[in-house]
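Peer 1: Test case, fold it:
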Amino acid sequence: MNFRARLTLGMVAVAVIPLAILGYGVRREMTARLDADAAHRVDAVRAALASELATTIAADRARLQSLASDLSADNRFRIALTNEESADRRWLLDWAGGSMKLADFAILQLQDSAGRVLSSGQFRNDFDRVAPALPHSIASSPAGAAVVNARTPDGSVRALTTLATFAVRGERFTIIGGAAFDSARVARLSSDGTVAALLELGRGSPPNDAVVADSLPYLDEAATGTASGTAVAHLVLIPDAGPTRALKAGVVRWLLLTLGGTLVLAVIVATLLGRVVSAPIDDLAERTARLDLDRLNQKFATGRDDELGALERTLNALSGRLRTSVARLREAERAAATGDLARQVNHDIKNGLAPIRNVLRHLAQTAEREPATLAAVYAERRGTLEASVEYLDELARTYARLSPALGRGATDPRPVVQEVARGVSTATVDLRMPETLPRIRADAVVLHRILDNLVSNAVESLDGNPGTVIITAETVGTGDGRRVRFAVSDTGRGMTRAELDRAFNDFYTTKAAGTGLGLSVVRRLLTDVGGSVKADTAPGEGSTFTIEIPAAEAE
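Peer 2: Below is the predicted model:
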């Protein structure tokens with residue numbers, strides 16, 4: 001390092017170090033005060049949340065105690081306990097559902113002393129299941145409550161539950177119930193807009209930046225069918241660090257600007273001063289450098305061959321590593337292709353099993369409610385079972401060939417459309433199709449897969465709410481350009497423009513349990529048979545997917 005450089009560094013140190021110490025002290029003091037203010041706000045919200053939660057639990061327990069008093073005095077309950085074949089037995093099974101709506105609960109369940117469910121409001125068919133873990137968890141909780149994720153016919157519901165007990169004829173009974181307890185309701189518990197309240201579920205610890213306001217037992221009956229495990233539901237508070245970060249960033253920015261300006265000024269002063277002082281030193285250094293350069297040229301001529309040999313060895317080593325990396329990349333590509341095929345097979349099999357599952361559920365409900373009509377219902381739904389089994393069988397033969405050649409034989413589309421419509425049991429289907437349609441240039445399995453994917457997506461978009469799926473078929477065009485147009489419309493939630501742009505991409509899905517293959521499979525199958533697909537959708541207004549397949553006569 002020459003004299004001029006040392007002089008410059010000295011000037012910079014004298015100017016910058018005091019400013020850096022001052023900036024560090026200011027930032028540290030500001031951070032301490034802001035953190036103390038945030039902690040105070042979090043403590044206030046935590047106290048208010050604990051009070052609101054205790055009030056809610058007490059109010060729910062009072063409503064449950066009122067229901068317990070009414071039930072213990074009802075003779076129909078006593079008769080249903082002693083005679084399970086009586087008409088009052090059905091009244092008991094329906095009691096929880098009606099009482100749950102009157103109490104504005106999301107969950108209401110009646111259990112005997114052994115933990116056997118006598119009546120369930122959120123899932124009527126849950127009776128006679130033994131689930132003693134839920135009342136035990138509530139009773140052992142210091143707050144006298146627990147968060148439970150309970151099964152429903154369409155999925156699950158999460159609620160904050162408490163209990164009330166009563167005795168009839170010496171036997172003790174328990175009523176468990178509570179209102180829905182999701183993240184939106186927890187967020188409303190915060191009385192400070194700068195502190196967010198969240199519900200963290202599971203067996204792990206809450207996030208590092210969160211403050212636990214309260215903890216309750218958490219049981220997930222929807223996942224296992226039984227209330228088990230030692231999971232915990234944490235009510236956590238997370239202060240909004242945005243304003244604090246913005247203030248800190250502003251202070252740091254001004255500090256850096258000040259340091260930068262001081263540094264530039266110090267460099268200019270040191271440069272001017274160094275020119276005056278170091279001129280004689282530079283002349284001496286130049287002469288010394290010439291001598292050093294001559295000696296370096298001699299050394300370079302001697303050591304050049306050794307350096308080239310070292311460079312060649314380095315290139316050989318890099319080449320070996322590159323070949324190894326290419327081999328690993330090819331292996332990863334083969335594994336990814338196998339995974340993609342496995343996910344597509346899984347998706348198609350699930351679509352084929354859905355109608356079979358719906359028919360079996362229908363038969364089970366008929367056997368329970370109207371067993372005399374079971375044979376007639378089976379005869380009515382037998383066609384759906386046979387068509388679904390035939391579809392799965394053909395799908396298995398297709399995938400057995402690994403690279404199947406899709407058939408383009410002439411197919412009557414009417415039976416396929418009717419079969420897909422009959423396979424829907426969880427939504428209202430409006431089928432609009434003329435008496436005759438031209439045969440299309442695709443086999444029945446391909447058309448069934450296309451329509452089944454579109455109808456399944458339409459049903460799932462309803463999210464379990466009442467709605468209608470409309471299936472239409474019509475002939476468009478004339479002569480060699482004749483096509484059969486199919487449209488599947490729903491009254492569900494619809495899609496945003498961003499979702500629609502990615503809807504036909506492989507493995508893109510907005511559903512928690514989706515595979516993201518439905519629409520991409522539709523697009524590929526239509527491409528293979530010379531068809532086309534388009535979508536019309538808007539958030540809150542439902543979606544319509546329209547496909548066109550050439551008529552067989554137009555080939």
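Peer 1: all contacts plus neighbour counts: C-alpha atoms, from now on.
Peer 2: Will do.
Peer 1: Can you give me the domain assignment for this structure?
Peer 2: Per automatic domain parsing, the domain ranges recorded for the chain read 48-240, 282-404, 406-554.
Peer 1: mind checking the end-to-end distance for stretch 370-379?
Peer 2: The stretch stretch 370-379 measures 15 Å between its terminal residues, going by CA to CA, to the nearest Å.
Peer 1: now the domains of the chain in CSV, with distance to Val269?
Peer 2: Shown next, in CSV, are these (distance: least, CA to CA, whole Å):
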stretch, distance to Val269
domain 48-240, 45
domain 282-404, 19
domain 406-554, 57
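Peer 1: Can you tell me which of the ones you listed is nearest to Leu272?
Peer 2: domain 282-404 (14.7 Å; CA to CA).
Peer 1: which one of the domains of the chain has the lowest average pLDDT?
Peer 2: Between these, the lowest average pLDDT goes to domain 282-404, which shows a mean of 71.
Peer 1: which other helices and strands contact the longest strand belonging to the chain?
Peer 2: Ordering each strand of the chain by length in residues (DSSP state E) puts strand 155-168 first. Identification of packing neighbours for strand 155-168 by 3 or more CA pairs under 8 Å, 6 or more residues apart in numbering; DSSP states H and E yields helix 3-72, strand 107-111, helix 133-140, strand 146-152, strand 171-178.
Peer 1: So which residues of the stretch 201-350 of the chain form strands?
Peer 2: Along the stretch 201-350 of the chain, counting by DSSP state E, counting those that start in this stretch, strands occupy 211-220, 232-239.
Peer 1: closest one to Arg485 among those strands?
Peer 2: strand 211-220 (45.2 Å).
Peer 1: Name every strand pairing with that closest one and say which way it goes.
Peer 2: For strand 211-220, the paired strands and their directions (DSSP bridges) are strand 146-152 (parallel), strand 232-239 (antiparallel).
Peer 1: which residues in this structure form helices?
Peer 2: 3-72, 75-82, 87-102, 133-140, 183-188, 221-224, 242-369, 374-400, 413-422, 444-460, 497-502, 518-528 (DSSP state H).
Peer 1: In the fourth one, which residues are buried?
Peer 2: In terms of neighbour count (16 or more other CA atoms under 10 Å), helix 133-140 has its buried residues at 134-135, 137-139.
Peer 1: how far does it sit from the chain's center?
Peer 2: Centre-to-centre, helix 133-140 and its host chain are 29 Å apart (CA atoms, centre = their mean, to the nearest Å).
Peer 1: From the rest of the structure, what touches that helix?
Peer 2: Outside helix 133-140, the residues that touch it by CA atoms under 8 Å, 6 or more residues apart in numbering are 115, 144-146, 148, 161-163, 174, 176, 217, 219, 227-228.
Peer 1: tell me the angle of it relative to strand 211-220?
Peer 2: For helix 133-140 against strand 211-220, the angle between stretch directions is 150 degrees (axes from the mean of the first three to the mean of the last three CA atoms, to 10 degrees).
Peer 1: And for the first one?
Peer 2: Relative orientation of helix 3-72 with respect to strand 211-220: 50 degrees, computed using the same axes, to 10 degrees.
Peer 1: Arg414 is in contact with Leu437, isn't it?
Peer 2: Yes - taking contacts as CA atoms under 8 Å, Arg414 lies within contact range of Leu437: 7.1 Å.
Peer 1: ok so, going back, if you compare the strands paired with strand 211-220, which one is most tucked away?
Peer 2: strand 146-152 (a mean of 24; mean count of other CA atoms under 10 Å).
Peer 1: which non-adjacent residue is nearest Gly177?
Peer 2: In space, and not counting its chain neighbours, Gly177 is closest to Leu108: 4.2 Å by CA to CA, 6 or more residues apart in numbering.
Peer 1: Now do the contacts for that neighbour.
Peer 2: 96-97, 99-100, 120-122, 175-178.
Peer 1: Now do the longest strand of the chain: everything it contacts.
Peer 2: 57, 60-61, 64-65, 68-69, 72, 78, 106-107, 135, 138-139, 144-151, 172-182, 222.
Peer 1: Swap in 6 Å and give it another go.
Peer 2: 64-65, 145-150, 172-181, 222 (CA atoms under 6 Å, 6 or more residues apart in numbering).
Peer 1: Please state the offset of it from the chain centre?
Peer 2: Using CA atoms, centre = their mean, the offset of strand 155-168 from its chain centre is 27 Å.
Peer 1: For it, list every residue counted as buried.
Peer 2: For strand 155-168, by 16+ other CA under 10 Å, it's 156-166.
Peer 1: so which of those residues would you say is closest to Asp490?
Peer 2: Ser156 (22.9 Å).
Peer 1: follow-up on the earlier one: got CSV for the strands paired with strand 211-220, with distance to Leu189 too?
Peer 2: Shown next, in CSV, are these (distance: least, CA to CA, whole Å):
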stretch, distance to Leu189
strand 146-152, 16
strand 232-239, 10
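Peer 1: Determine which of those approaches Leu7 most closely.
Peer 2: Comparing the strands paired with strand 211-220 by CA to CA, strand 232-239 comes nearest, at 48.9 Å.
Peer 1: Show me what Ser156 is bridged to.
Peer 2: According to DSSP bridges, beta-bridge pairing links Ser156 with Arg151.
Peer 1: how much space between it and Ala180?
Peer 2: 11 Å.
Peer 1: What is the burial count for Phe504?
Peer 2: Phe504 is flanked by 19 other residues according to other CA atoms under 10 Å.
Peer 1: Need phi/psi at it.
Peer 2: Phe504 adopts backbone torsions of phi -90, psi 10, taken as degrees, to the nearest 10.
Peer 1: shouldn't it be in contact with Val521?
Peer 2: No - counting by CA atoms under 6 Å, Phe504 stays clear of Val521, with 8.4 Å between them.
Peer 1: could I get the contacts of helix 133-140 as a markdown table with distance to Arg313?
Peer 2: Output for the contacts of helix 133-140, formatted as a markdown table (distance: CA to CA, whole Å):
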| residue | distance to Arg313 |
| --- | --- |
| Gly115 | 76 |
| Gly144 | 74 |
| Ala145 | 71 |
| Ala146 | 68 |
| Val148 | 66 |
| Thr161 | 72 |
| Thr162 | 75 |
| Leu163 | 77 |
| Thr174 | 80 |
| Ile176 | 76 |
| Pro217 | 64 |
| Leu219 | 63 |
| Ala227 | 65 |
| Ser228 | 63 |
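Peer 1: I'd like to know which of those is nearest to Leu392.
Peer 2: Nearest member of the contacts of helix 133-140 to Leu392, counting by CA to CA, is Ala227, at 35.2 Å.
Peer 1: what's the spacing between the spatially most distant residue from the centre of the chain and Arg287?
Peer 2: Distance to the chain centre peaks in the chain at Pro280, reaching 73.7 Å (criterion: CA atoms, centre = their mean). Look at Pro280 and Arg287: by CA to CA, they are 12 Å apart.
Peer 1: One more: Val252?
Peer 2: The value you get for Val252 to Arg287, if CA to CA is used, is 47 Å.
Peer 1: same question, Ala367
Peer 2: Ala367 sits 108 Å away from Arg287, going by CA to CA.
Peer 1: More neighbours: those two, which one.
Peer 2: Ala367 (15 against 10).
Peer 1: and the more buried one, what does it touch?
Peer 2: Taking CA under 6 Å, 6+ apart as the definition, Ala367 has no contacts.
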